[in-house]
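# What would the 3D arrangement of this be:
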Amino acid sequence: MSDLSPQPAPEGAAKRRSQRVLLSMPVDVVWDTGAGVRVREQGRTEVVNRHGALLKMETSLPASIQVELHRAAIGSAARARVVLATERGRDGLVRIAVELANPRADFWSIGLPLIG
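Sure, this is the predicted structure:
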């Protein structure tokens, strides 16, 4: 028989400003290297909210680096900063958490309610 008692919320859940949604879509990530080279790489979202996203990509980026996210499908771009990069997963990709400079639900083309 399984235990159906309430489980504690994941760490950080009480601090979230908007609901997270599992969503896989292509997004181009653009950044400047320390040498002044502009790099563009296509990644995919795994989780989005009105304040940012968790992306999977080939390149690991350092925390605090400024990036631009481009959604070619809707012709939209948004500035963001990297807040976390993980080790490579079994799929060989890193997960990059980004925070949008100006939170907006319409960037992901879905409705994202605020929490609270």
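# So in that sheet, which strands flank the strand ranked longest in the chain, and in what orientation?
Across the chain, the strand with the greatest residue count (assigned by DSSP state E) is strand 38-49. As defined by DSSP bridges, the strand partners of strand 38-49 come to strand 21-22 (antiparallel), strand 26-32 (antiparallel), strand 52-57 (antiparallel).
# Need the residues that contact that strand.
The contact list for strand 38-49 (C-beta atoms under 8 Å, 6 or more residues apart in numbering) reads 16-33, 53-59, 95-96, 108, 110, 112. C-betas here are computed from N, CA, C, even on glycine.
# still on that earlier bit, just name the most buried of the strands paired with strand 38-49.
A comparison of the strands paired with strand 38-49 by mean neighbour count, using mean count of other C-beta atoms under 10 Å, puts strand 52-57 on top with a mean of 22.
# Tell me how far that strand lies from the chain's centre.
3 Å (C-alpha atoms, centre = their mean, to the nearest Å).
# for stretch 46-65, same thing?
On the basis of C-alpha atoms, centre = their mean, stretch 46-65 sits 4 Å off its chain's mean C-alpha point.
# Pull out the buried residues from that stretch.
Residues of stretch 46-65 classed as buried under the neighbour-count rule (16 or more other C-beta atoms under 10 Å) are 46, 48-57, 61, 65.
# so which of the residues you listed would you say is closest to residue 74?
Residue 74 lies nearest to residue 48 out of those, by C-beta to C-beta, at 13.6 Å.
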